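*Asks:* fold the following and give me the result.
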Amino acid sequence: MCLIIHQPIGATTPVALLESAAEYNPDGFGFMGFDAHGKPRIERSGIADVALASRLAEQFAGRNCAFHFRRRTRGSSHAENLHPFKLAHGLYLMHNGTARVEIRQAGRSDTWHLVNDYLGPFLANRRRLIYDRDFRHILDAWLGPQNRIVFLDEAEGRIELLHRADGLEWNGLWLSNARWVDRRLLSLEGHDGVYRATEASFC
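*Replies:* So this is what the prediction gives:
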């Protein structure tokens, strides 16, 4: 599947977490965040590039950003399937999970189809719907809690999380799941709280 790490303002992402994410999710890396001038920075790599991820973590320490490590389950490892995906001008998406969408083009992932056949065309002229409670409720119900989405909105200077409660808060960071990372690193071995309660929904 995949792992998304969201780093809010004031937080830092340790290299050990990035290394573990890359080990468990070796099929691609993506990054999106805002630099010191509020400009978006978008990066993609066809491998789980720990060196690139570590440099970005250092450069964006304390800044609002998100990392995506891909574990390929649907679609090829080609660049077209790498996160983040562009939904519209200045609007990007990272996804963790398996979207229940029609796969019409061989080699393209479910996320590619979700973006190009559904969300992209719909949000192109309605981008502020990502903040609308009713729209989010419909999207939540359609995708289900096993799908987590992170949006970057350049116009608003915001990173927005969908299904935040179904992820994991850890040391000031948000992780989309705890399955595709070393749980010992997160001190989750034998944990009987939030993790066990939501483990079945982790992708």
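
*Asks:* how about the strands in this protein?
*Replies:* Counting by DSSP state E, one finds strands in the chain at the ranges 2-7, 29-34, 40-45, 65-70, 85-88, 91-96, 148-153, 158-162, 168-170, 173-175.

*Asks:* any idea of the mean pLDDT in the second one?
*Replies:* Per-residue pLDDT values over strand 29-34 give a mean of 97.

*Asks:* just want the angle from that strand to strand 91-96.
*Replies:* Here strand 29-34 runs at 140 degrees with respect to strand 91-96, directions being taken by axes from the mean of the first three to the mean of the last three CA atoms, to 10 degrees.

*Asks:* swap in the fourth one?
*Replies:* For strand 65-70 and strand 91-96, the angle between their directions (the same axes, to 10 degrees) works out to 50 degrees.

*Asks:* what packs against strand 65-70?
*Replies:* For strand 65-70, the contact count by 3 or more CB pairs under 8 Å, 6 or more residues apart in numbering; DSSP states H and E identifies strand 2-7, helix 15-24, strand 29-34, helix 50-59, strand 91-96 as packing neighbours. Glycine gets a C-beta too; all of them are placed from N, C-alpha and C.

*Asks:* helices and strands around the last one, which ones?
*Replies:* Contact here means 3+ CB pairs under 8 Å, 6+ apart; on that basis strand 91-96 packs against strand 2-7, strand 29-34, strand 65-70, strand 85-88, strand 148-153.

*Asks:* contacts for that strand?
*Replies:* The contact list for strand 91-96 (CB atoms under 8 Å, 6 or more residues apart in numbering) reads 1-4, 30, 32, 40, 42, 66, 68, 83-87, 111, 114-115, 119, 123, 127, 130, 147-155, 176-177, 203.

*Asks:* mind putting the helices and strands packed on strand 91-96 in TSV, mean neighbour count and distance to D134 included?
*Replies:* As requested, the helices and strands packed on strand 91-96 are arranged in TSV below (neighbours: other CB atoms under 10 Å; distance: least, CB to CB, whole Å):
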stretch	mean neighbour count	distance to D134
strand 2-7	26	24
strand 29-34	23	26
strand 65-70	28	25
strand 85-88	20	19
strand 148-153	24	17
